[in-house]
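*Asks:* Would you be able to build a 3D model of this:
(one chain, ligands or ions: 1)
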Amino acid sequence: MIEGTPLPGVFRIVPPRFGDERGFFSESWNSRKLRDAGLDLPEFVQDNHSMSSQVGTVRGLHFQSPPHAQGKLVRCGRGAIFDVAVDIRRGSPTYGQWFGEELSFANGRQLWIPAGFLHGFATLEPDSEIVYKCTDFYAPECDGAVLWDSVGIDWPLGEIDPILSEKDAAAMPFSEFETPFDYEATS
Ligand SMILES: Cc1cn([C@H]2C[C@H](O)[C@@H](COP(=O)(O)OP(=O)(O)O[C@H]3O[C@@H](C)C(=O)[C@@H](O)[C@H]3O)O2)c(=O)[nH]c1=O
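*Replies:* Next comes the predicted model:
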């Protein structure tokens with residue numbers, strides 16, 4: 001199942017699961033089935049896997065600048081996360097708007113986040129793992145971050161103090177951010 005979200009370009013994908021007495025089987029990515037269903041994704045060249053031990057770990061909000069901009073197909077392999085995309089395409093009708101979705105092992109949901117969006121997430125369960133496919137290779141010289149709480153995202157953390165990397169805690173606020181993405185060039 002593929003569904004649009006309030007941010008045009010960001011899609012929710014829920015591959016079917018075939019359950020039996022052993023558990024379930026699911027095709028977590030099938031380019032042909034997605035294309036036949038109307039979602040023709042760019043080629044993926046790198047898969048990433050991260051695990052966050054503690055509830056309330058926040059990674060993000062990250063992007064890679066052109067010429068190494070990345071689209072990401074994100075899923076949660078264990079536990080649960082609140083996954084977020086923020087439109088940073090200059091001139092986009094939804095510039096600065098965010099969309100968040102719970103992705104969990106239990107719900108099997110995936111988010112397709114194209115180039116031109118910030119990406120980040122907060123973990124909702126201990127030892128949560130995310131697995132994501134990327135359309136370009138890691139390019140540290142193009143790596144960028146925006147401060148997690150400077151966009152107005154309604155993070156579902158309650159009273160929990162977030163756990164951030166030093167890099168993410170020192171990221172620039174969205175009000176100072178100059179986007180390297182142009183809507184016309186990325187849509
Ligand atoms: C992202 C990345 C990091 N690394 C290295 C750099 C560093 O030593 C270590 C940890 O990197 P980070 O702290 O940037 O990892 P992390 O904070 O998990 O970064 C990730 O966050 C999520 C939200 C994303 O969207 C990803 O694209 C990526 O930016 O891993 C790679 O070797 N390849 C990669 O593709």
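*Asks:* Quick check: pLDDT value at the closest residue to the ligand within the chain.
*Replies:* Closest approach between the chain and the ligand, counting by C-beta to the nearest ligand atom: residue 138, at 3.0 Å. Any C-beta I mention is one placed from the backbone N, CA and C, and that applies to glycine too. Residue 138 carries a pLDDT value of 98.
*Asks:* Can you give me every residue that contacts the residue nearest to it when sequence neighbours are not counted?
*Replies:* Leaving aside its chain neighbours, residue 138 sits nearest to residue 46 (6.6 Å; criterion: C-beta to C-beta, 6 or more residues apart in numbering). By C-beta atoms under 8 Å, 6 or more residues apart in numbering, the residues touching residue 46 are 133-134, 136-138.
*Asks:* Could you export these as CSV, including secondary structure and neighbour count?
*Replies:* CSV is the format used below for the contacts of residue 46 (DSSP: H, G, I helix; E, B strand; the rest coil; neighbours: other C-beta atoms under 10 Å):
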residue, secondary structure, neighbour count
133, strand, 21
134, strand, 20
136, coil, 20
137, coil, 11
138, coil, 13
